[in-house]
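A.B. asks: got a predicted model here, sequence first, then my questions.
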Amino acid sequence: MYPIKFKTQALTPFNRLMEDFFDSDFSFPSKVPVNIKQKENGYGIELAAPGFNKEDFKISIENKILKISAEHKTENIETNENYTRREFSKSSFERSFSLPQDIKEDEIVAKYENGILTIDLTKKEEVKNTLTISVQ
């Protein structure tokens, strides 16, 4: 069911501001920005994820799918004589990538520094199945 919106011509400045805010296409980003770079010996993935700790990340591989997720929760409690104030915050994301067949899954390295999660993927050595046959 969709909410019904009524528009009126005589709006107070506050009502106009709220209507512009909620009628806009404003939305929170659902995905973190990602850069994927091809390197000489593999690939590099960089995710911009400021505000997280390295313990917040979970990285796994299943059926050639690299899954990266993170969740960070904070709770602030301020207690005074007359009141208690609690503030809760939660940030999370999840990204998945299909890995090429030539990636060494057991050599993937992840590092989190200055708000950037960097994942290095190493390619397997190319096996040459060339056989040279001499002519007799």
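C.D. replies: Structure's in. What do you need?
A.B. asks: check contacts around the residue most central in space within the chain.
C.D. replies: Note on the chain: the residue nearest the mean C-alpha position is Val32, at 3.9 Å, using Cα atoms, centre = their mean. Contacts for Val32 (Cβ atoms under 8 Å, 6 or more residues apart in numbering) come out as 47-49, 93, 95. Where C-beta positions appear, they are placed from N, C-alpha and C, glycine not excepted.
A.B. asks: what's the farthest-apart pair in those?
C.D. replies: Farthest apart among the contacts of Val32 by Cβ to Cβ are Ala48 and Arg95. That separation is 11.4 Å.
A.B. asks: hey, what's in contact with both of the two?
C.D. replies: In contact with both Ala48 and Arg95: 32, 34, using Cβ under 8 Å, 6+ apart.
A.B. asks: of those two, give the one with the bigger neighbour count.
C.D. replies: Arg95 (16 against 11; other Cβ atoms under 10 Å).
A.B. asks: and the pLDDT at the closest residue to that one other than its chain neighbours?
C.D. replies: Nearest non-adjacent residue to Arg95, counting by Cβ to Cβ, 6 or more residues apart in numbering: Ile68, 4.9 Å away. pLDDT, Ile68: 94.
A.B. asks: now do the buried residues in the strand or helix carrying Ile68.
C.D. replies: Remark: Ile68 resides in strand 65-79, with elements defined by DSSP states H and E. For strand 65-79, the neighbour count (16 or more other Cβ atoms under 10 Å) marks 66, 68, 70, 72 as buried.
A.B. asks: can you give the distance of it from its chain's centre?
C.D. replies: Relative to the mean C-alpha coordinate of its chain, strand 65-79 is positioned 13 Å out (Cα atoms, centre = their mean, to the nearest Å).
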